[in-house]
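*Asks:* Coordinates only, no sequence provided:
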């Protein structure tokens, strides 16, 4: 397994990219997935792989479904979360298609068995695929309810020996409050896991932070909406906020 936690979080060979489901959807559109946005993301990922980067991708499902929101409206939480897991599979297949159009060798591995559309996640197989240079898209979350796809990213990074997690969001880093509501919100260039947890910074859930902290995996949070940012992040450029 690849050694974890280099001193400089921007020097890495294996990484996990966390994409939210909303990132695949055009703002204001009635379509759940924008082919144009997915194609742009795939193109930027492709451009990042030229120097031998080993990459896994965890994609959310919020553009289709949010289990917590459905649960708040009276649906059984476990059932609502399973529906959300299926939503992530749809997003993963869309991204796989776009990556293959770019000539990228990739596979979708699902935590829920659905052999007609995706391989079942097996850690050793995923690790071999990444070593061979394939992009592995991890779908269906952890396969269990009550865990977010952020926690999935932390779990897969730990299992795969990834040295960093890139979390692509709709803001350009971590702030001490919501910058869309507070124009005076302070942006961090770097921040500790302890600060994120104690100040309840809404970047990732506590379980995800704890996993990354225990396994010494830094997180880099950056804005996905600006063209080229994915390539900049995955090639070690200065971008976003580093959580360490």
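*Replies:* Looks like it arrived, so ask away. From a predicted model like this one, the values you see are computed outputs, not experimental measurements.

*Asks:* contacts, neighbours, all on C-alpha from now
*Replies:* Will do.

*Asks:* So residue 16: helix, strand or coil?
*Replies:* Per DSSP: H, G, I helix; E, B strand; the rest coil, the local secondary structure of residue 16 is strand.

*Asks:* Please apply the same query to the one 10 residues further on.
*Replies:* When the structure is reduced to helix, strand and coil (three-state DSSP), residue 26 reads as coil.

*Asks:* ok, how many other residues are close to the residue nearest to it when sequence neighbours are not counted?
*Replies:* Nearest residue to residue 26 in three dimensions, chain neighbours excluded: residue 34, at 5.9 Å (CA to CA, 6 or more residues apart in numbering). Residue 34 has 17 neighbouring residues, counting by other CA atoms under 10 Å.

*Asks:* tell me the contacts of residue 34?
*Replies:* By CA atoms under 8 Å, 6 or more residues apart in numbering, the contact list for residue 34 reads 24-26.

*Asks:* cool, residue 145 as well?
*Replies:* With contact set as CA under 8 Å, 6+ apart, residue 145 has these partners: 77-79, 81-82.

*Asks:* Out of the residues you listed, the closest to residue 219 would be?
*Replies:* residue 81 (24.7 Å; CA to CA).

*Asks:* what does the strand or helix carrying that closest one rub up against?
*Replies:* Per DSSP states H and E: residue 81 is located in helix 77-101. Around helix 77-101, the neighbours that count as contacts under CA under 8 Å, 6+ apart are 21, 24, 33, 38-39, 42-43, 46, 59-62, 64-68, 70-71, 105-108, 110, 137-141, 143-146.

*Asks:* Could you report the pLDDT at residue 179?
*Replies:* According to the prediction, residue 179 has pLDDT 87.

*Asks:* returning to that earlier point: describe which strands the helix or strand following the helix holding residue 81 pairs with in its sheet and in which direction.
*Replies:* Later in the chain than helix 77-101, the nearest helix or strand by DSSP H and E is strand 106-110. Applying DSSP bridges to the sheet, strand 106-110 is found paired with strand 119-120 (parallel), strand 135-139 (parallel).

*Asks:* Identify the residues contacting the last one?
*Replies:* Residues external to strand 135-139 that are found in contact with it (CA under 8 Å, 6+ apart): 54-59, 85, 88-89, 92, 96, 104-111, 121, 126, 129-130.

*Asks:* can you map out the helices along the chain?
*Replies:* For the chain, applying DSSP state H gives helices covering 35-48, 67-72, 77-101, 123-131, 149-160, 193-198, 206-214, 229-234.

*Asks:* hey, which helix or strand in this structure has the poorest pLDDT?
*Replies:* helix 67-72 (a mean of 84; mean pLDDT, DSSP states H and E).

*Asks:* so what secondary structure elements neighbour it?
*Replies:* If contacts are counted by 3 or more CA pairs under 8 Å, 6 or more residues apart in numbering; DSSP states H and E, helix 67-72 sits against helix 77-101.

*Asks:* Go through the helix it packs on and flag the buried ones.
*Replies:* For helix 77-101, the neighbour count (16 or more other CA atoms under 10 Å) marks 77, 80-99 as buried.

*Asks:* Kindly report the same for stretch 193-202.
*Replies:* 193, 196-197, 201.

*Asks:* Let me know the closest of the residues you listed to residue 207.
*Replies:* residue 197 (9.8 Å).

*Asks:* Neighbours of the closest residue to that closest one other than its chain neighbours, how many?
*Replies:* Leaving aside its sequence neighbours, residue 197 sits nearest to residue 206 (CA to CA, 6+ apart; 6.4 Å). Under the neighbour criterion other CA under 10 Å, residue 206 is assigned a count of 18.

*Asks:* same deal with residue 52?
*Replies:* Per other CA under 10 Å, the neighbour tally for residue 52 reads 12.

*Asks:* Kindly report the same for residue 124.
*Replies:* Residue 124, neighbours per other CA under 10 Å, totals 11.
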